[in-house]
Structure formats: C-alpha cells, structure tokens
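Enquirer: Only the shape, not the letters, is given here:
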Ligand SMILES: Nc1ncnc2c1ncn2[C@@H]1O[C@H](COP(=O)(O)OP(=O)(O)OP(=O)(O)O)[C@@H](O)[C@H]1O
Ligand SMILES: NC(=O)c1ccc[n+]([C@@H]2O[C@H](COP(=O)(O)O)[C@@H](O)[C@H]2O)c1
C-alpha cells in the first residue's frame, strides 16, 4: 500500500484547490436543437495529434477544439445508458496498460452493466502537476495521440487539461467533458430499433461521463490532503468511477472509505495481470534498455527522435528508489540489482 508520502509525491506539493462545480448533468431524455448542434460539429476526422498546444510564457491553448471524431453519435442499444470513459493521468509515457485499461473497462461495461460505451478519452495532466518524470505536456499529448490513433479504433486524446496553465483538478476535467459532450454536442442519438433512419425527430440522450482509473489512484482518495472532499463527492457521486485492479494495491482497502458512493464505483479485475508503469519505462530508457512490446512502437520512435527520458530528473531520484511506489513490487529487486 502506498504510504501517504508516496501518494503525495505523485501530486503537486499542495492539494489541488477545491473544485466548485457549476454544471448540472442532464438526467432526462432530450429532444432539442442539440441535433442541429451535433450536425454542425465537424464530422471530419480530427486526430488528436493535429491539435498541438503552443507554449509561450506558461502553457496556453491556442487552437483547441474538442476531439470527437471517434465519439459514437448514435447508440446501438436503446435500453442502455450511453457512457464515455475518461482516464486522467501523467502518461509519461503512455504504456500498453493505459490503453488496455479501456479494453478491460469496455468488456466489463458490456457484460456487467446497463451502460453502453460510446467513447473513450485520455486526458494527460498539465505541466503544472510537477510530478517527477513528467515530460513536457506537448510531448505527452503527442505520444498519447500516436498510441490512440495507431493502436485503437475508438480512443481519443483531449489536450484541454494538458494545455491549461494551472493545475486542473480531476473534478473540473470531468465537468469539461460533460460540457463538451452533453451541452455542446448534445449527447447521443437514441437508436429506435426499427432500422429506419428517416423516422421523424430523433431523440437524443445525455451521455454519462465516468472516470477510468487504476486502484492506486483510487487509493489516494483516502489519503488526507490529496483530494478535496467536495471534489470526491462530485466525482464519485455524480460521475462515478471504473477502477482497474493494480498489483500492490488492496482494492477493498482502497475503496473502504468510499462506501457511501458504492453504487457509482465499479471494480474491474485484471484477469491477465500487467504491472507495467511509466516509472519503469523511464528507468529502462535511462538505462538504455529495450521497452519494445511494453509501449507502442510509434511512441518508442517518438521518444528516440525527441531524446526524451534521458536526462537526470532530480525530482525523480526519490521516486526511482522505489520504482513501483506501491504499484506492485515485482520489479523492485531487479531495479535495485540493475542500479
Ligand atoms: N499497471 C497498471 N495497472 C492498473 N492501473 C494502471 C496501471 N498503470 C497505470 N494505471 C492507471 O493509469 C492511470 C494513469 O496512470 P499514470 O499516468 O499515473 O501511469 P503510471 O504508470 O502509474 O505512472 P507513473 O509510474 O509515472 O506514476 C492511473 O489511473 C493509474 O492508476
Ligand atoms: N484532487 C485531484 O483532483 C487529484 C488528486 C490526485 C491526483 N489527481 C489526478 O490523478 C491523475 C494521477 O496521475 P498520476 O498517477 O500520474 O499521478 C492526474 O490526472 C491527476 O490530476 C487528481
């Protein structure tokens, strides 16, 4: 189990500011002008890698447009609630496990819930997070974009969080998705099941937005000072979370303090255990060891071309003493030997 100092070393020195949230989740079926809004949204594919943040005196979004080229606009199963999964994290760099989290969640949702996944997003944290080993946000967004575009048919990368000059608490990030998907796009069309596309006005329905996270991240929710209590209520009470088991974290212990939101917490077993972490990848790279088949090939090429993760990061030294930080100990002995 990560100690509270482990957990706090993952986040900025001071806890993120309270998120006072203002958006309200639509809970009823919509038959509105949203259809027009949705149609006016560009249907042209917009790979996330096209949306590049510009850095000048802090990180500022200049050409932002919400990526929706892979967001399914129409539900297949009208008896289910449409769902978008959002994974927030450093992704420094993105690994196959980060991508695999979505596949595990998608299967879980399909077989064990009343939801239907209509999209999945990676939201890399901004440089303001100041975590050890964090490559610049534009590189992390680009690597996530390469991984999503090259390995998946449904994942997207939203650069909005990454390009904020200030640290954005996860509750606010989920509000952003809620706004873009339900207010701007207007949710999704409901399939009427008759196969006839020309039937009268189409009904639209709001999409449920949910956080997708590993058990270690959820465990930090019980660590004093890391999450604001209003944010927890907002994230777990209103959005909900799909949690992927992670070696080294006791899932029952991780959610023990979160029981009051139990109905919005879904725990997903990792049937095939994979305890790869970005920390291990960075250590391998620093030692000039192969990371092939642990992260996607285009990401490896991008890291090589941009000479990433080679320099000593003074902040990373403490983390490197325990490369897994409570996320599974299998590599620790190896790293100590190799170091
Ligand atoms: N092997 C894994 N098993 C389960 N969840 C994981 C795994 N690797 C990453 N995650 C989850 O992916 C999300 C984003 O992870 P993050 O970018 O922090 O990766 P990480 O590998 O934990 O990074 P680092 O090693 O730099 O701390 C988090 O919710 C984290 O819990
Ligand atoms: N209070 C908060 O909103 C809060 C606290 C801790 C981590 N987080 C998020 O969780 C993710 C954690 O990523 P790491 O596992 O890479 O530290 C980041 O996206 C970070 O913003 C949010």
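Expert: Good, I have the coordinates. A quick note: this is a predicted structure, and the numbers were derived from the prediction, not measured. Ligands and ions are numbered 1, 2, ... in the order given.

Enquirer: need the residues of the stretch 201-339 of the chain near ligand 1, please.
Expert: When proximity is defined as Cβ under 6 Å from any ligand atom, the stretch 201-339 of the chain approaches ligand 1 at 213, 214, 216, 217, 244, 246, 274, 275, 276, 277, 278, 279. Backbone N, C-alpha and C define where each C-beta goes, glycine included.

Enquirer: Does the host helix or strand of the third one reach ligand 2?
Expert: For residue 216, the element it lies in under DSSP states H and E is helix 215-219. Yes. For helix 215-219 and ligand 2, the contact criterion (Cβ under 6 Å from any ligand atom) is met by residue 217.

Enquirer: Buried ones in the helix or strand following that helix, by neighbour count?
Expert: Counting by DSSP H and E, the next helix or strand C-terminal to helix 215-219 is helix 229-232. Neighbour counts using 16 or more other Cβ atoms under 10 Å place 231, 232 of helix 229-232 among the buried residues.

Enquirer: After helix 229-232, which helix or strand is next?
Expert: Next in sequence after helix 229-232, counting helices and strands by DSSP H and E, comes strand 241-244.

Enquirer: does ligand 2 sit close to the following helix or strand past that following strand?
Expert: Using DSSP H and E, the next helix or strand after strand 241-244 towards the C-terminus is helix 251-255. No. For helix 251-255, no contact with ligand 2 is found by Cβ under 6 Å from any ligand atom; the gap never falls below 13.4 Å.

Enquirer: what's helix 251-255 packed up against?
Expert: Contacts defined by 3 or more Cβ pairs under 8 Å, 6 or more residues apart in numbering; DSSP states H and E place helix 251-255 against helix 215-219, strand 241-244, strand 265-268.

Enquirer: what about the residue nearest the centre of the chain, which SS state?
Expert: Centroid-nearest residue in the chain: residue 87, 1.3 Å away (criterion: Cα atoms, centre = their mean). Using DSSP: H, G, I helix; E, B strand; the rest coil, the structure places residue 87 in strand.

Enquirer: what does the longest helix that the chain contains contact?
Expert: Assignment by DSSP state H gives helix 96-112 as the longest helix of the chain. For helix 96-112, contacts defined as Cβ atoms under 8 Å, 6 or more residues apart in numbering pick out 83, 85, 87, 89, 91, 115-117, 120, 122, 147-148, 151-152, 154-155, 212, 214, 242, 244, 266, 268, 270, 274, 276-277, 293-296.

Enquirer: Would you mind listing what in the stretch 51-200 of the chain touches ligand 1?
Expert: When proximity is defined as Cβ under 6 Å from any ligand atom, the stretch 51-200 of the chain approaches ligand 1 at 87, 89, 90, 91, 92, 97, 98, 101, 133.

Enquirer: related to what we said a few turns ago, sort out which residues of the helix holding residue 216 are buried, please.
Expert: Across helix 215-219, burial judged by 16+ other Cβ under 10 Å covers 215, 216, 217, 218, 219.

Enquirer: before we move on, the earlier item: is any part of the helix or strand following the longest helix of the chain close to ligand 2?
Expert: In the C-terminal direction, the helix or strand that comes right after helix 96-112 (DSSP H and E) is strand 115-124. No. Strand 115-124 is not in contact with ligand 2 by Cβ under 6 Å from any ligand atom; minimum separation 7.0 Å.

Enquirer: Name every strand pairing with strand 115-124 and say which way it goes.
Expert: strand 81-89 (parallel), strand 155-157 (parallel) (DSSP bridges).

Enquirer: By proximity to ligand 1, which residue of the stretch 1-150 of the chain wins?
Expert: residue 89 (2.4 Å; Cβ to the nearest ligand atom).

Enquirer: Next one: residue 150 relative to residue 140, how far apart?
Expert: 16 Å (Cβ to Cβ, to the nearest Å).

Enquirer: neighbour-wise, which of the two wins?
Expert: Per other Cβ atoms under 10 Å, whichever of residue 150 and residue 140 has more neighbours is residue 140, with 27 against 11.

Enquirer: That one: what secondary structure?
Expert: On the basis of three-state DSSP, residue 140 is classed as helix.

Enquirer: Can you check the pLDDT for it?
Expert: Looking at residue 140, its pLDDT stands at 98.

Enquirer: how about the nearest residue to it once chain neighbours are set aside, what does it touch?
Expert: In space, and not counting its chain neighbours, residue 140 is closest to residue 124: 4.5 Å by Cβ to Cβ, 6 or more residues apart in numbering. Listed by Cβ under 8 Å, 6+ apart, the contact partners of residue 124 are 89, 90, 91, 137, 140, 141, 144, 157, 159, 161, 162.

Enquirer: Bridge partners for residue 124, pull those for me.
Expert: residue 89.

Enquirer: Out of the contacts of helix 96-112, which end up buried?
Expert: 83, 85, 87, 89, 91, 115-117, 120, 122, 147-148, 151-152, 154-155, 212, 214, 242, 244, 266, 268, 270, 274, 276-277, 294-296.

Enquirer: Tell me, how many residues neighbour residue 165?
Expert: Neighbourhood size, residue 165 [other Cβ under 10 Å]: 14.

Enquirer: tell me which parts of the stretch 151-300 of the chain are close to ligand 2?
Expert: Selection of the stretch 151-300 of the chain residues close to ligand 2 by Cβ under 6 Å from any ligand atom yields 169, 170, 217, 220, 226, 227, 228, 231.
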